[in-house]
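Engineer: sequence plus predicted model, see below.
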Amino acid sequence: MTEDDQAGPADGPRRRDAAATREALLSAARSLIARNGVAAVSTRDVAAAAGANQALVYRYFGSKEALLVEALAQTEPDSTIADTPLPDLPHTLLRRALDPDAPAETRASSMATLVAGAGQELVRTIARDRIHAGFTTQLAGRLGGADAELRAELVAALLAGVASLRDQIGTRAIAGADLDLLAGYVDRMVAPLLVDSTHGRAST
């Protein structure tokens, strides 16, 4: 029997407070992941952002890595791929990934953010699965053709690379470029990958 099983009615508020604290830690982790990338997140920063004691991170999650994995796993897949016309998709995805005003859940699940934390084994597994399910599979289904999955992953690589250089690393030219100008170049780079090479026509 767990401690919660043994708790009586008077312990109800305590359980609710614990649940609220746990969710606050997850929410803080997602916000920090979106802002700084997975690799830069510390338990101290998460606890401070959540207004909680750092020890509670380990009490509720066991480790920083487990907290990050759960925070990433709870982000909802982006519906942009299904809802956006293909010719507009690269521009739209890049802007969403780099928009500082986008919801934390959107930025935390972006490819650039996921790739930035891929040095941690469990996070790498989550990142790989989420990129495959949340991006590659959806886009490949719209592209069609024998090499649709490869083209979808190449689109992912281009978008994540540009977003990482601008948002995570901060290289001079890309970080300093006007976002619309940058997105225009990315559109032209990605456009050939949206064409079904087996039929020589643009996917829809």
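Structural biologist: Looks like it arrived, so ask away.
Engineer: give the next helix or strand downstream of the lengthiest helix in the chain.
Structural biologist: Determined from DSSP state H, the single longest helix within the chain is helix 12-36. Later in the chain than helix 12-36, the nearest helix or strand by DSSP states H and E is helix 43-50.
Engineer: which strands or helices does that following helix pack on?
Structural biologist: Here helix 43-50 touches helix 12-36, helix 55-61, helix 64-73, going by 3 or more CB pairs under 8 Å, 6 or more residues apart in numbering; DSSP states H and E. Placement of C-beta: from N, CA and C, glycine included.
Engineer: run the last query once more with 6 Å
Structural biologist: In this structure, helix 43-50 packs against helix 12-36, with contacts taken as 3 or more CB pairs under 6 Å, 6 or more residues apart in numbering; DSSP states H and E.
Engineer: apart from its chain neighbours, what residue comes closest to Asp45?
Structural biologist: In space, and not counting its chain neighbours, Asp45 is closest to Leu32: 5.8 Å by CB to CB, 6 or more residues apart in numbering.
Engineer: same check, this time on Gly184
Structural biologist: In space, Gly184 comes closest to His91 once its chain neighbours are excluded; the distance is 7.6 Å by CB to CB, 6+ apart.
Engineer: buried ones in whichever strand or helix holds the one you found, by neighbour count?
Structural biologist: Element membership for His91 (DSSP H and E) is helix 89-98. By neighbour count on 16 or more other CB atoms under 10 Å, the buried set for helix 89-98 is 89-91, 93-94, 96-98.
Engineer: farthest-apart pair in those residues, please.
Structural biologist: Leu89 and Leu98 (14.9 Å; CB to CB).
Engineer: thought Val41 was touching the residue nearest to Asp45, still the case?
Structural biologist: Yes. Applying CB atoms under 6 Å as the test, Leu32 and Val41 come out as touching, 4.8 Å apart.
Engineer: lowest confidence element among the helices and strands of the chain?
Structural biologist: helix 3-6 (a mean of 42; mean pLDDT, DSSP states H and E).
Engineer: domain ranges for this structure?
Structural biologist: Per automatic domain parsing, the structural domains of the chain span 3-73, 80-202.
Engineer: for this protein, give me the ranges with low pLDDT.
Structural biologist: Residue ranges of the chain with pLDDT under 70: 1-16, 74-78, 100-120, 122-123, 197-204.
Engineer: contact partners for Leu72?
Structural biologist: Ile126 (CB atoms under 6 Å, 6 or more residues apart in numbering).
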